[in-house]
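# sequence first, predicted coordinates after that:
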Amino acid sequence: MLVRGDAQSDRVVPPSGFTARLTVFAAAAMGFLAVFTLALSVAAGRLADNWGSELARTSTVRITAPADQMPALQAEVAAILESTAGVDSVRTLSTADQQALLTPWFGSGLDLSALPLPGLVEITQATQGFDAQGLRLRLEAEVPGAALDDHSQWRAPLVAAAERLRSVGWISVLLLGLTSAAMVTLAANASLAANAQVIRVLRLVGATDSYIAQAFVRRFTLRVLLGAFAGAALGMVVLRMMPAATDMAGFLSGIGFEGAGWLLPAVIPPLMAAVAFVATRIAAHRALKELA
């Protein structure tokens, strides 16, 4: 009934006009924004997972010592780490490596010889992990000036921030759905009010309220479905045109979907149509009661 409709009852709702165009345009705008909001939420979740997994697997040993003692202490720390259970790989950061780490913050012309930089040894842990507290105590005892940093102090706030951003994205999707319901309700009420005389005539010839309401429900549901489909399709095209995620480009270049995730926006038009169906049905029955 929703798809095929009824030719006679469809005449109750004007097929064109300002209300119809406004409904389709608003649905298209909501569908477009919903795609981007959903993409932002998915990207934030992906970012939180990447930060959590990558930072959890890496740790750093920081060595504070005079420059002439640094190579020997770094070699001693590397030997200790290589003999520690749960450590997958060890890498001693050279001056060039530290230069690369500081370049995004200070530029490429930084002279590291003028800075009292600590020695750094990077640890990548194995799947089973290692005893961080035991390793920390061993380093303190055998290599004075060496301190283990497992990144837990600053990893947690980053992951929490990304998780909150994902939550904000889902809340925004919910708000867009509620806004769509409000928009459809207002448009349906306007159309019902404009056709009040026609509705009274239909009642006089024996039309039931459910018969009349069905015409409004079908017409507005299909309008929203059409608009949401157009808006979601345009949103996916724009997302495909955005730059792909890279290590250098950062978070903003990674907004989008991956793999089967591109099927997720296809849910938006039918969901918006379902919201329109319920909102229009409620608005129609309420308005028809008032016209009784």
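That came in fine, so what should we check first? Numbers count the residues shown, from 1 in each chain.
# burial measure for residue 76, as a count.
Using other Cβ atoms under 10 Å, residue 76 is surrounded by 16 other residues. Any C-beta I mention is one placed from the backbone N, CA and C, and that applies to glycine too.
# could you pull out the strands in the stretch 51-200 of the chain for me?
Along the stretch 51-200 of the chain, the stretches classed as strands by DSSP state E, counting those that start in this stretch are 58-63, 87-92, 119-125, 146-149.
# is it true that residue 257 lies in a strand?
No: residue state for residue 257 (DSSP: H, G, I helix; E, B strand; the rest coil) corresponds to coil; a strand is not indicated.
# that one against residue 40, yeah?
No: under the criterion of Cβ atoms under 8 Å, residue 257 makes no contact with residue 40, lying 11.0 Å away.
# next, give phi and psi for residue 43.
When read as degrees, to the nearest 10, the backbone of residue 43 gives phi -70, psi -40.
# quick one on the thing from earlier: redo the strands of the stretch 51-200 of the chain as CSV? Include mean pLDDT and mean neighbour count.
As requested, the strands of the stretch 51-200 of the chain are arranged in CSV below (pLDDT from 0 to 100; neighbours: other Cβ atoms under 10 Å):
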stretch, mean pLDDT, mean neighbour count
strand 58-63, 85, 20
strand 87-92, 85, 15
strand 119-125, 84, 20
strand 146-149, 84, 19
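# near residue 57, how many other residues are there?
Other residues near residue 57 come to 15 when the count uses other Cβ under 10 Å.
# give me every residue that touches it.
124-125 (Cβ atoms under 8 Å, 6 or more residues apart in numbering).
# how close does it sit to residue 45?
Residue 57 sits 19 Å away from residue 45 when distances are taken as Cβ to Cβ, to the nearest Å.
# please enumerate the helices of this protein.
Counting by DSSP state H, the chain has helices at residues 7-10, 18-57, 70-82, 95-106, 132-142, 152-194, 196-204, 209-241, 268-290.
# residue 116: which of the ones you listed is closest?
Closest to residue 116 of these, according to Cβ to Cβ: helix 70-82, at 10.8 Å.
# tell me the angle the closest one makes with helix 132-142.
140 degrees (axes from the mean of the first three to the mean of the last three Cα atoms, to 10 degrees).
# which strands and helices sit next to helix 70-82?
In this structure, helix 70-82 makes packing contacts with strand 58-63, strand 87-92, strand 119-125, helix 132-142, judged by 3 or more Cβ pairs under 8 Å, 6 or more residues apart in numbering; DSSP states H and E.
# can I get these in JSON lines including distance to residue 205?
Output for those, formatted as JSON lines (distance: least, Cβ to Cβ, whole Å):
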{"stretch": "strand 58-63", "distance to residue 205": "77"}
{"stretch": "strand 87-92", "distance to residue 205": "81"}
{"stretch": "strand 119-125", "distance to residue 205": "79"}
{"stretch": "helix 132-142", "distance to residue 205": "81"}
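# between the ones you listed, which one is nearest to residue 218?
Comparing the helices and strands packed on helix 70-82 by Cβ to Cβ, strand 58-63 comes nearest, at 57.5 Å.
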